[in-house]
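[1] could you work out the structure for the sequence below:
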Amino acid sequence: MALIKSVRGFTPQIGENCYFAENATIIGDVIIGNDCSVWFNAVIRGDVNSIVIGNKVNIQDGAVLHTLYQKSKIFIGNNVSIGHNVTVHGAKIHDFVLVGIGATILDDAVVQENTIIAANSLIRSGEILEPNSIYAGVPAKKVKDIHPEQTREMILGISENYLMYSEWYK
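    Here you go, the predicted structure:
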């Protein structure tokens with residue numbers, strides 16, 4: 001069973017039909033919506049500030065979500081995929097976003113709806129990404145506009161797949 005731990009009087013609140021790998025860690029001021037999955041070695045550490053995760057979100061293997069004490073919070077919308085070994089630190093991620101393997105999103109960054117962040121990209125603190133776009137690089141720059149319906153279909157497909165994968169483990 002995953003490590004779900006209270007700290008500073010905050011206990012994680014978990015929605016329905018979620019899957020947490022045995023070595024996933026969820027701590028403190030964390031709210032997780034319905035149909036979510038948190039995979040092997042992922043850490044969601046709401047010890048110093050709040051983390052709110054919407055519905056049909058998958059936090060893949062080795063990802064780390066954390067914040068700054070009394071400064072930044074994390075908000076993740078619906079139908080978001082946080083790839084393997086991603087770091088999200090105090091950022092806001094809107095609906096229908098795919099964050100590629102190994103990417104880093106820093107404090108107070110905002111990732112708008114229907115956006116793809118390429119693998120190993122760095123989103124700097126305070127950066128506001130345009131919706132319907134692909135970002136890549138270190139630091140990340142916009143590389144392409146994308147059609148919203150095409151993006152939603154692909155990103156929704158990934159969140160649906162992770163919902164299916166999680167059923168294999170239950």
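
[2] is the residue at minimal distance from the centre of the chain bridged to anything, and to what?
    Compute the mean C-alpha point of the chain, and by CA atoms, centre = their mean the closest residue is I82, 4.2 Å away. In this entry, I82 is beta-bridged to I59, V99, by DSSP bridges.

[3] per-residue pLDDT of the residue located most distally from the centre of the chain, please?
    In the chain, the greatest distance from the average C-alpha position (CA atoms, centre = their mean) is reached by G9, at 23.8 Å. Listed pLDDT for G9 reads 97.

[4] now M1
    Predicted confidence (pLDDT) for M1: 86.

[5] how about A119?
    Reported pLDDT for A119: 98.

[6] one more: I32?
    So, for I32, pLDDT stands at 98.

[7] now the spatially closest residue to it that is not a sequence neighbour. Its backbone dihedrals?
    In space, and not counting its chain neighbours, I32 is closest to I53: 4.7 Å by CB to CB, 6 or more residues apart in numbering. All C-beta atoms are positioned from the backbone trio N, CA, C, and that covers glycine. Note on I53: its backbone torsions stand at phi -120, psi 130 [degrees, to the nearest 10].

[8] buried stuff in the lowest-mean-pLDDT helix or strand in the chain?
    Between all helices and strands in the chain, the lowest mean by mean pLDDT, DSSP states H and E belongs to helix 148-169, at a mean of 92. By neighbour count on 16 or more other CB atoms under 10 Å, the buried set for helix 148-169 is 151-152, 155-156, 158-159, 162-163, 166.

[9] would CSV of these with distance to V99 be doable?
    Converted to CSV, these look like this (distance: CB to CB, whole Å):
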residue, distance to V99
T151, 13
R152, 16
I155, 10
L156, 15
I158, 11
S159, 12
Y162, 13
L163, 17
S166, 18
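
[10] report the two of these separated the most.
    Spatial extent of the buried residues of helix 148-169 (CB to CB) is set by the pair T151 and S166 at 22.8 Å.

[11] now the closest residue to I74 other than its chain neighbours: how far from L163?
    In this structure, I74 finds its nearest non-sequential neighbour in I51, 4.3 Å apart by CB to CB, 6+ apart. Remark: distance between I51 and L163 (CB to CB, to the nearest Å) = 20 Å.
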